[in-house]
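**Q** quick one, structure for this:
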Amino acid sequence: MADNDNLVPPPPTSIPPTTRRNLVPPDTPRHGRMSSTEPLTSTAFIKDDVFIAAANEMKGKFVGFMKPDDFLDRFLPLSANAPAMPHVNRDKFVLIPQLEKEPDMYLPLIEALEPFCKDITLVNTSAVEDTDAGDLLHRSVKPDISCYKSDEVPSPSITRARNMLSYIELKNHEHDEPFGVAEKDPIERGSKGARDTRGQLATYANAIQATQFRTHVLSVVINRSRCRFIHWTRSCAIVTEGFDYTSEDWLAEFFWRLSHAGDVARGLDMSVTPLKAVSKETTHARRALDIKEEVPIFKISVIDDQTKKTTYYIVGKPFTNNHLHPLGRGTRCFKALDCQTGAIVLLKDTWRIEGYEKEGDIYRELHKHGVSYIAGLVAAGDVGGLTNTCGKTKDISSSSESKHRIHVHYRLVLDEVGTHLTDFDSTHEMVTAVHCALIAHFEAVTKAGILHRDISVGNIIITDSGGLLIDWELSKKISLIGARVLERTGTWQFVSIRLHEGLGRLIHRVGDDLESFLWVLVWVALRHAQGDMTTDERALFLQAFDYSVNGKGGLARRNYIEKDSTAIKRMKLSNEFLSRILSTLWSKFGGRYGTLLFDTKETEDPIAAEKWKADLESHEWMLGELEKALKNEEWRNYRYDGWVKQEFHTSLPESSRKRKGSDSYPDLPKHIRRH
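**A** Model prediction:
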């Protein structure tokens, strides 16, 4: 196939230039989103209760149990300059677990810990939501007690994850105890209350990670007189054994050490510098990036792996929104000002998976082979430092209960920002971008021998030249056989039915990525193309992209694709050209799963049926169909065909109640329960 370059058609060339690209402000009434902004990640389960989903993702990722003194010595070593800790008045702590109601515990605990908090402040935040984090995480964030630097206590709202150093969560029922108590207990207790508490703790830690530049988060959980410390990273959570804080002084010492710890030990990313003073540099950066005065800006360093040169970039808020869960790569993308050249670039901050080839090296390989429709690489490299690698826990626990990846903090700078695939001016423009991404995929496979393996809505962007295929960090050399890490890769909503049903046993093939291109087109059409489906009809169809519908991933989509192209007709799309190409692709991929049309062909013409199946493992037929469809001048000139925000119901809870006990949430509707 490498010699068949003539099979790759150029994309349509009549894409009008526009000043919209790269210049859309974040508060624009259009989507104004750039690459990778949907809450779709390769490890996320969506549209489930956030605490439950967080607990499910954390399953098998808790490491323990550490002794509390070992935990403190490892993660909060006492500063040589720290004064002796004040005497602990245990009488103040003894009264706390005797209180009948949990909310009554908050202020007495704060008062008991106050002597051990120097230049940090504990605040009762149990009744005030952090609305900023709620927008990011689709869930209220209000820990019982939040810990801030004393000069950074937020006002007027007292709950703000982007300022928190740490937090304390309290319970006063044994059924809410999240972790094992007896010597032979598993780390993760199996009760509903235990699960929900773990999810709650993880959600709060994630809120801090997602809204700050952090390497880790330290937190405390208390259940009556039992206390534990937790160290959260993108790989796992390290937990101490429970200790009685009314008779042992580890809790007081935790806050004494936290008070005197440096920012590295506290988990702050020291390669990022807040730019608080007004200067020519900051004024120019705000103007170039269209950032308002009240929005914080930062200078970020990137050390290139190859040149070893350090370059600097100024950023504001990330334009990505991929932070529903605490684990994983935690990718955030920023529209950035290159301090060296003055260019507007894309800066990607992520926690790469150890064992995978670095994304910057993949870009270099792709460019070496002349692959089209990929971004240019400016710089890429690991952040460096002990706290920028996480997940190495063999010296803490050799238990087989914990299975997690090792992550390394990594940054990548690309020369193109682009516009999100769902922010299209016309469906022709959207399909053109997908066509360009498919060309990039074809050339990566045939020229460089690299398979992308994470085709998703967030990884295809619209540009003035058509489109780009981005996010190559999960790609793999086709010549490499076998799994490299513990979990399957890919974004749940777009993974092929075959891989969903294979439950990790099957090798990811070219045909699986091609099928993902189909699911991207269908998902975008359902969510953002104009049509006449009712809200309920659209919601029902979209459940086929939701893992939590049945716990088996591709089953719902298989049910749809087996109905052949009638499923596309049921979408009632306004644009007949889009409907036509989707029907063509849909019918073809149905051959992978034995539709009536394919079975008939197999009976009448077995040779043609074999070719049909072979087509589904190569690019040529799909490239040809898209090229033919996009040549249609009537579609190209079709007006009033831009994106719309289609309404549909989700299973995500609309309320933002704080969980207080194992029965606070009603059962999920039957059609979205996990099995």
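**Q** for residue 560, see how far away residue 540 is.
**A** Using CB to CB, to the nearest Å, we find residue 540 at a distance of 10 Å from residue 560. (Glycine included, C-beta is placed from N, CA and C.)
**Q** report the beta-bridge partners for residue 315.
**A** Counting by DSSP bridges, residue 315 forms beta bridges with residue 298.
**Q** I'd say it and residue 301 touch.
**A** No - in this structure, residue 315 is not within contact of residue 301 by CB atoms under 8 Å, at 11.6 Å.
**Q** residues near residue 277, how many?
**A** 7 (other CB atoms under 10 Å).
**Q** which element is it on?
**A** For residue 277, there is no enclosing helix or strand under DSSP states H and E.
**Q** next up, phi/psi of it, please.
**A** Residue 277 adopts backbone torsions of phi -80, psi 150, taken as degrees, to the nearest 10.
**Q** please apply the same query to residue 220.
**A** phi -130, psi 140.
**Q** how about it, nearest residue that isn't a chain neighbour?
**A** Distances taken as CB to CB, 6 or more residues apart in numbering place residue 168 nearest to residue 220, at 4.5 Å, with adjacent residues excluded.
**Q** kindly report the same for residue 303.
**A** Nearest non-adjacent residue to residue 303, counting by CB to CB, 6+ apart: residue 381, 4.6 Å away.
**Q** buried ones in stretch 606-616, by neighbour count?
**A** For stretch 606-616, the neighbour count (16 or more other CB atoms under 10 Å) marks 609, 612, 615-616 as buried.
**Q** contacts only, for the residue nearest to residue 220.
**A** 109, 122, 143-145, 147, 219-222 (CB atoms under 8 Å, 6 or more residues apart in numbering).
**Q** low-scoring stretches of the chain, by residue?
**A** Scanning the chain for pLDDT under 70 picks out 1-48, 134-139, 321-325, 398-402, 481-490, 503-504, 546-555, 564-565, 648-675.
**Q** distance from the lengthiest helix in the chain to the middle of the chain?
**A** Longest helix of the chain, by residue count under DSSP state H: helix 427-448. Here helix 427-448 shows a centroid-to-chain-centroid distance of 24 Å under the convention CA atoms, centre = their mean, to the nearest Å.
**Q** please apply the same query to stretch 205-225.
**A** Centroid separation for stretch 205-225 versus its chain: 17 Å, with CA atoms, centre = their mean.
**Q** go on, stretch 444-452?
**A** Distance, stretch centre to chain centre, for stretch 444-452: 25 Å (CA atoms, centre = their mean).
**Q** buried residues in that stretch, which are they?
**A** Those would be 444-448, 450-452, for stretch 444-452 by 16+ other CB under 10 Å.
**Q** how about stretch 268-281?
**A** Of the residues in stretch 268-281, 268-269, 271-272, 275 count as buried by neighbour count, 16+ other CB under 10 Å.
**Q** in strands, which of those fall?
**A** Among those, DSSP state E puts residue 272 in strands.
**Q** how close does the closest residue to residue 60 other than its chain neighbours sit to residue 63?
**A** Take residue 60 and drop its neighbours on the chain: the residue closest to it by CB to CB, 6+ apart is residue 403, 5.0 Å away. Going from residue 403 to residue 63 by CB to CB gives 10 Å.
**Q** same check, this time on residue 512
**A** Residue 512 is 33 Å from residue 63, where distance means CB to CB.
**Q** just give me the longest strand of the protein.
**A** The residue-count maximum for a strand in the chain (DSSP E) belongs to strand 344-353.
**Q** what is that strand packed up against?
**A** strand 298-303, strand 310-315, strand 332-338, strand 407-414 (3 or more CB pairs under 8 Å, 6 or more residues apart in numbering; DSSP states H and E).
**Q** among those strands, which comes closest to residue 84?
**A** Closest to residue 84 of the helices and strands packed on strand 344-353 is strand 407-414 (CB to CB; 35.3 Å).
**Q** what's the angle between the closest one and strand 332-338?
**A** Relative orientation of strand 407-414 and strand 332-338, computed by axes from the mean of the first three to the mean of the last three CA atoms, to 10 degrees: 50 degrees.
**Q** direction included, what does strand 407-414 pair up with?
**A** In the sheet, strand 407-414 lines up with strand 344-353 (antiparallel), strand 377-382 (antiparallel), strand 389-390 (antiparallel) (DSSP bridges).
**Q** now these in CSV, with mean neighbour count and distance to residue 525?
**A** Putting the strands paired with strand 407-414 into CSV (neighbours: other CB atoms under 10 Å; distance: least, CB to CB, whole Å) gives the following:
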stretch, mean neighbour count, distance to residue 525
strand 344-353, 23, 26
strand 377-382, 22, 32
strand 389-390, 22, 39
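**Q** in TSV: those strands, plus distance to residue 116.
**A** Shown next, in TSV, are those (distance: least, CB to CB, whole Å):
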stretch	distance to residue 116
strand 344-353	32
strand 377-382	36
strand 389-390	27
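**Q** just tell me which of those strands ends up closest to residue 361.
**A** Closest to residue 361 of those, according to CB to CB: strand 377-382, at 7.8 Å.
**Q** what separates that closest one from the chain centre, distance-wise?
**A** With CA atoms, centre = their mean, you get 21 Å for strand 377-382.
**Q** one more: stretch 159-177?
**A** Going by CA atoms, centre = their mean, the spacing between the C-alpha centre of stretch 159-177 and its chain's C-alpha centre is 23 Å.
**Q** what's the first-to-last distance across that stretch?
**A** Terminal residues of stretch 159-177 are spaced 25 Å apart (CA to CA, to the nearest Å).
**Q** please identify the buried residues of it?
**A** Buried-residue list, stretch 159-177, by 16+ other CB under 10 Å: 159-172, 175-177.
**Q** over to stretch 517-535?
**A** Neighbour-count burial for stretch 517-535, with 16+ other CB under 10 Å as criterion, is recorded at 517-531, 533.
**Q** what about that stretch, distance to the chain center?
**A** 22 Å.
**Q** returning to what we had before: please say which of residue 403 and residue 63 ends up with more neighbours.
**A** residue 63 (22 against 12).
**Q** next structured bit after the helix or strand hosting the more buried one?
**A** Using DSSP H and E, residue 63 sits in strand 62-66. Where DSSP H and E defines the elements, the next helix or strand beyond strand 62-66 is helix 68-75.
**Q** quick one: contacts of that following helix?
**A** When contacts are defined by CB under 8 Å, 6+ apart, helix 68-75 is touched by residues 66, 78, 216, 218, 229, 231, 238, 240-241, 243, 248, 250, 253-254, 257, 265.
**Q** buried ones in the following helix or strand past it?
**A** Moving toward the C-terminus from helix 68-75, the next helix or strand (DSSP H and E) is helix 90-94. Residues of helix 90-94 classed as buried: 92-93 (neighbour count, 16+ other CB under 10 Å).
**Q** tell me the helix or strand right after helix 90-94.
**A** From helix 90-94, the next helix or strand downstream (DSSP H and E) is helix 106-113.
**Q** which stretches of the stretch 501-650 of the chain form helices?
**A** 510-528, 535-542, 555-561, 566-569, 576-590, 596-604, 606-615, 620-630, 633-636 (DSSP state H, counting those that start in this stretch).
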